[in-house]
Every structure is written in structure tokens, then in C-alpha cells.
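Enquirer: quick one: sequence plus predicted model below, questions after.
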Amino acid sequence: MWLIPSALAELSPNDRTEYILSAWLIYLARLTGESELQLGWTPPANESRAGVKAVEVLVASVVPMEIIIDLGHDFAEVRRAVAAECAQLREHDSFARDLIARYPTLRGGEALRSRRPWPVGVTVTANSGSAAGDLASPSFEAPLSGDLLTFEVCALEGSFRWHFDAGRLAPKQIDRMTQHLQNLLCAVMADAQQPVGRIRLLSSAERAYLLEELNRTAAPYPEQQCIHELFEAQVRRAPDAVAVVYQDQRLSYDELNARANRLAHHLIGLGVRPDQPVAICLERSIAMVVGLLAILKAGGAYLPLDPAYPSARLHQVLNDAAPPLLLADAAGRSALGGDALLDLTVVDLETATPAWAQLPAANPDPRALGLTSRHLAYVIYTSGSTGTPKGVMVEHRGLVNLGLAQIVLFGVCSNSRVVQFASFGFDTSVSELVMAFGSGAALHLPAGEIRQSTKELSDYLRNEAITHATLPPALLQGSQHLEYLASQLLVLAGELPKAELIRALPAASIVNAYGPTEATVCATTWSCPADFDGAVVPIGRPIANTRIYLLDGDGAPVPFGAVGELYIGGAGVARGYLNRP
């Protein structure tokens, strides 16, 4: 169907053609987030060469159009740049020898021999079209310049239409693009002086849908509670239920609570107070879980230091966070070294006669400590992949929301068995802990050597009858030893899983969980359908009390299918970076 935008109806066909071409390239730049565009281009047919066999070997029916769209320019400036590129394309037309002079990268000739190397293209035809119907000439056979999408413009009338691969683009997507293009042209006709990158593309209804409807995630949760109070509620509900399992050791909820409480009272006596980071450097063990809970109950914010991490990383975190207190075992003290311990008060969790053994087993009162849900629960450092590692400060209320949201999303209950796989220096470990202890489930800690072998891990998951596992996709890639997951819930986290991995996994229930450390572990989830056949694994929709926006460089929402920057709002957003803006 040929279309003449209503906003351009009063213009001449030639002006309409230039306006439409310029608007399409502006839209494409905004859709892709790229200012330097290369597209396939099919110019109007050159009748003087039609049927001349002698030149066919020199002719490329689709040629490259290269143009820079500066979104800071106004429409007139962009239109001049587009007109100049079109004039150059007409001058060089479709002779291969001229193209190679303009584009040395094509000297290999492969792009010209394949004839259609561009996914998106523009075709200009001189044939007569009609806004009310198809082409008047049914014999039109101009080559499509884009494999995925070709934007065809009729120079005679200044109208346009689309050709697209229906296997990869849905008609409703094309309809949206048409509407966005119409909106852009209407805005240009109303105000041609505004920068083209700021022209509003979305209708009011689409904008409201993207900003509001997709973010209706509000759900009640006890935002005044601290995270350890969820654990204490499970202690009261089922004190004898198994809370944590490590090798041949098992502690009930009541036993774990009592141990953590005695240590917490000791830490309070050592001066731990709300918002104070307390370092903990231990090997995987029940003592590690006791230590984490004790720090929370004492009002402190736990600062995890994995003894397996490089010493330079551990020292960097210690120097930046400057905690006055450290909970450690022999492995932790060895990893940190004697010099790092000189300015710290060290609490040895391996001692045979702990000083806190006779302290009360009762829960410390948060109110007596001045502790609220707006105080810090932990400080975990980023990997440093974008620069110096930064300590992310996460409050109790965000962690409570995460725990309760994931318990519902993943169907965790008191009969569940949750594996604690992640290093406790990585924020996924937080998710594993709160899922288990917020629901009354059992938390299972595999030993270090088991975590390094997919064969041993698979055996462990089967032997312990694990129901919920959160694992990194890299661990599973190419593995032949995770058949047990076929009947369990598998959460993939830490990196983008490949679509091939999703299709190869035997798991009946797979969830892709996404979130930066700064948004309290997990911001979005996607549950894999049984018939998944996509090329990319989505990150899904926001969890409870979380908002997701995809915005352009000016902070405006981008259309469906467009590239933008991901913004996350809501209960999970951390307080900030420790000692940094």
C-alpha cells in the first residue's frame, strides 16, 4: 500500500520525496542508536542502460548508501545532507568501478557479487503509485535493497511503502513504524527548527503504555521490616525445620537463629551499629551463614570478602570500605595477610570456646539498636569491569522486596531446597539466601570442589533433591551432566544466556534473571516458554515494585524495537556507592 503522509499533502512530489527520505533516515538513526548509517540503495531505473548485456558485469543493482545523521541538527540541515548523498548516488549510479572508488572496503567484490548484503535498504522508483492502492504497474521488479526491510519511495508522487521479511518483522511493527514516521513529519512541519533527535515520535497512548502500563508492578510488602526479621518469622513458624545443610552438618531454624543471636549480641558489645560495614572473610561453611545473619541482627551491614578472590582485590575493598571489624576463619586470615589485620578487630569464628557462647539466644531488638529498614543490609563491590570496583550500598527494604518477589515468582516454599552456589562476594548469593530464609526452605551449601565440576554438581543436586538452583550460563554451556535439572526450577543469572543453551537444557522450568548490583540483585525476570525458538533470550519484565524504562540520550522513551539506555527505578535501587557520588 502506497502512503502519502497527510502532513506533506500540500508539498510537491519532489519535496515530499526528500522529506520522506530524510524522515526515514532520522527515524532509523534514532531506532538503532547509530549516527553513521550504511544501507542498501536502489536508485530509479536508468532506461538508457536497460537490456544492455555488455555492461551487466559492471553493474550492481543495489549499492551502498553511507550517511551521517546528526540528531543535534534541525530538519533542514539533515535534509541537505540527505540530498547531497542522493545526488552523489545518482552520479555514480550503479557502476561497480565507481563504487569501489568511493568505498575501498568493497575491493574484494564479495559485497557486490552477493548483491544484497544490507539488512535495511532504500529503493527509489519512478513508477506511478497510488495512495489508495498498489503500484499501477504490476510488472515492477526493482530489486529490494534490504534483506530484512526495504523502504520504497515513489519519486513521481512522493509516496512510500514497505517491503519486509514477515518471518522476522510483524505487520504490527510496520504499522507502528508508519505511525512514528507520520508523527515525525507532522512535528517537522509544525516546527522545523527543533533538533531532530528531540522530535516526539510516540503518540500519547503509546507513551503512556511504555511508561505506565508496562510498569504497573506495585505490590504490598512489609517495607518497614528488616531482612532478618523475615528469617525470624520462619523460626517462629517452624523452629525444627532444616535451615542450612553443609556436608554432614544440619542446623534447624531454631539452632541457626540461636547461634546467630549469640554472636550478634557479642558484635553489639564490640560497638557494631546501624550502617556500619562489618567485613566477613570465611570459607563456605555453616559458620559463614551464622556470621552473615549475626551481622544483620547486630544492625551492621555485612561486607563479604571471598578468600578465593585475589589478595589485591580483597585489600582494595578493605582499604575503601575501612571496616573496623572482621569476622574470619583461618582461610580468611591467610587470604588477607597479617598486615591487613593490624588495624582490624578480628572475631575468630573457628575458636573452640567462643566468647559469645553464654550470651543470650534471644533476638536482638531492632528498635533498641535504632535499626530500621532504611539502614544498610550489605555492601557488595562491583567487578570493576567499567573501572575501579565500587561498593554498592543496599538497604534492608530493597532486600525484603527482592526476597518476597522471588519467592512468589519462583514458587519457593517451606518444602523447597535451595542450593547456595554463588560466591558470597557476588550478589546472586544474596538472592539465594533470602529466597530460602524468607520462605522457610532449606539452604544447601555445596563444598568448593563440587562447585567446580558440573559432573559433581549434577550428582549433588540429585542427591540433595535440590528444587531451586541459580547458576551462571557459562557453567552449563556444553555440559552433559545436568540431567537432574529437568524437573527443577533453574534460574540463569550473571550473564546473558545464549538461545542455543536454553534450547539444549533439559530443565522444564527456566528463568532468565537480570539485574545490576545497583538494583538489588534482580530487576527483571523472563520465564522460558516450552516452545521457545527465539534468537535472543529476553531479560523479561520488572519484578514487583520495580520500574523499567528504555530511554534515548535526552531521557525520552524510545519506541518499541529501538535501542536505548536501560533505566531502573523502584524499591530495589540501592542507596548509592560507598564513599563515591
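Expert: Yep, that arrived. Numbering: from 1, shown residues only.

Enquirer: in stretch 26-43, what's buried?
Expert: 26-31, 37, 39-43 (16 or more other C-beta atoms under 10 Å). No exception for glycine: its C-beta is placed from N, CA and C like everyone else's.

Enquirer: can you tell me the centre-most residue of the protein?
Expert: In the chain, the centroid-proximal residue (C-alpha atoms, centre = their mean) is Y514; its distance is 5.2 Å.

Enquirer: setting aside sequence neighbours, what's the nearest residue to that residue?
Expert: Leaving out its chain neighbours, the residue that sits closest to Y514 by C-beta to C-beta, 6 or more residues apart in numbering is I539, at 3.8 Å.

Enquirer: list the contacts of the one you found.
Expert: By C-beta atoms under 8 Å, 6 or more residues apart in numbering, the contact list for I539 reads 512, 514, 524, 526.

Enquirer: quickly find the element holding it.
Expert: In the assignment (DSSP states H and E), I539 maps to no helix and no strand.

Enquirer: from A219, how far off is it?
Expert: Distance of I539 to A219, computed by C-beta to C-beta, to the nearest Å: 20 Å.

Enquirer: check R30 too.
Expert: Using C-beta to C-beta, we find R30 at a distance of 34 Å from A219.

Enquirer: kindly report the same for G167.
Expert: Distance of G167 to A219, computed by C-beta to C-beta: 38 Å.

Enquirer: between these two, which has more neighbouring residues?
Expert: Using other C-beta atoms under 10 Å, the more surrounded residue of G167 and A219 is A219, with 14 against 7.

Enquirer: quick one, phi/psi of the more buried one?
Expert: When read as degrees, to the nearest 10, the backbone of A219 gives phi -150, psi 140.

Enquirer: excluding covalently adjacent residues, which one is nearest to it?
Expert: Using C-beta to C-beta, 6+ apart, the closest residue to A219 is A544 (4.1 Å).

Enquirer: and Y549, by the same measure?
Expert: Y567 (4.3 Å).

Enquirer: which phi and psi does that neighbour have?
Expert: For Y567, the backbone dihedrals (degrees, to the nearest 10) come out as phi -120, psi 140.

Enquirer: can you start the count at 27 instead of 1 from here on
Expert: Okay, using 27 as the starting number, the last item reads as Y593.

Enquirer: pretty sure it contacts P568?
Expert: No: taking contacts as C-beta atoms under 8 Å, Y593 lies outside contact range of P568: 11.2 Å.

Enquirer: which neighbours do these two have in common?
Expert: Common contacts of Y593 and P568 (C-beta under 8 Å, 6+ apart): I574.

Enquirer: so between those two, which is more surrounded?
Expert: More neighbours surround P568 than the other of Y593 and P568, with 26 against 13 (other C-beta under 10 Å).

Enquirer: now the more buried one, which residues is it bridged with?
Expert: Counting by DSSP bridges, P568 forms beta bridges with T550.

Enquirer: how near is it to P246?
Expert: For P568 relative to P246 (C-beta to C-beta), the value is 16 Å.

Enquirer: distance of the nearest residue to E255 once chain neighbours are set aside from W382?
Expert: Leaving aside its chain neighbours, E255 sits nearest to P392 (7.3 Å; criterion: C-beta to C-beta, 6+ apart). P392 sits 19 Å away from W382, taking C-beta to C-beta as the criterion.

Enquirer: so what's the residue count around T480?
Expert: 18.

Enquirer: mind checking how far it is from V108?
Expert: Following C-beta to C-beta, the distance that separates T480 from V108 is 55 Å.

Enquirer: and for Q64?
Expert: From Q64 to V108 the distance is 14 Å (C-beta to C-beta).

Enquirer: list the buried residues of stretch 325-332.
Expert: Applying 16+ other C-beta under 10 Å to stretch 325-332 flags 325-332 as buried.

Enquirer: quick check: A539 is in a strand.
Expert: Yes: A539: assigned to a strand according to DSSP: H, G, I helix; E, B strand; the rest coil.

Enquirer: might one say that it is in contact with L515?
Expert: No: with contact defined as C-beta under 8 Å, A539 does not reach L515; the gap is 11.3 Å.

Enquirer: identify the contacts common to the two.
Expert: With C-beta under 8 Å, 6+ apart as the test, A539 and L515 reach no residue in common.

Enquirer: sorry, back to before: quick check, pLDDT for the residue nearest to the centre of the chain.
Expert: With respect to pLDDT, Y540 has a value of 98.

Enquirer: correct me, but it touches T550?
Expert: Yes: under the criterion of C-beta under 8 Å, Y540 makes contact with T550 at 4.8 Å.
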